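# with the sequence up front, the predicted model follows.
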Amino acid sequence: MSENTTRLPVWCAGDDWCPITSTATLIGKKWHPVIVHRLLEAGPLGFNDLKAEVGGISSKVLSDSLSDLEDAQLVDREIISEKPFRVEYSLTVRGKALRPVIEAMAEWGETFLMPAEDRDASIA
């Protein structure tokens, strides 16, 4: 089966909310949608470039998150060179298909969440 037709396992028993919960489990960790967003926007990136694009993430958390996203078949890891060792991360077809989800999250946030600079001013 191709990547487009192979389905990922779900943890729930087929209730109508099951696809929502299972998808949220795949991308619901704090940094997962940010990583997907940055790869959607910038294209394939090496580890350090991706870390700079994400900003505020530790190397360990980025590494663990990329491993999770690889396991979910959303991100592909390709070794570009052995010496010096260089790896590049890109979205799979399945990962790229998250574009409307990520864009909807951004749109919802822009509509309903207070900008960070406004929040900081309201605390003072």
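Alright, I've got the coordinates.

# surely Ser90 touches Ala42?
No. Ser90 is beyond contact range of Ala42, at 10.0 Å (criterion: Cβ atoms under 8 Å). C-beta here means a position set from N, CA and C on the backbone, and glycine is covered the same way.

# neighbour count: these two, which is higher?
Taking neighbours as other Cβ atoms under 10 Å, Ser90 and Ala42 compare with Ser90 leading, 14 against 11.

# what are the bridge partners for the more buried one, then?
Asp76 (DSSP bridges).

# enumerate every residue touching it.
Ser90 makes contact with 39, 43-45, 75-76, 78, according to Cβ atoms under 8 Å, 6 or more residues apart in numbering.

# one more: Asp71?
No contacts exist for Asp71 under Cβ under 8 Å, 6+ apart.

# hang on, the earlier thing: can you pick the most crowded of the contacts of Ser90?
Leu39 (26 neighbours).

# residue contacts, that residue?
Counted by Cβ under 8 Å, 6+ apart, Leu39 has contacts 45, 50, 75, 89-91, 95.

# if you set the cut-off to 6 Å instead, what comes out?
Going by Cβ atoms under 6 Å, 6 or more residues apart in numbering, Leu39 touches Leu91.

# dihedrals phi and psi, it?
Backbone torsions of Leu39, given as degrees, to the nearest 10, read phi -70, psi -30.

# quick check: it vs Trp108, distance?
20 Å (Cβ to Cβ, to the nearest Å).
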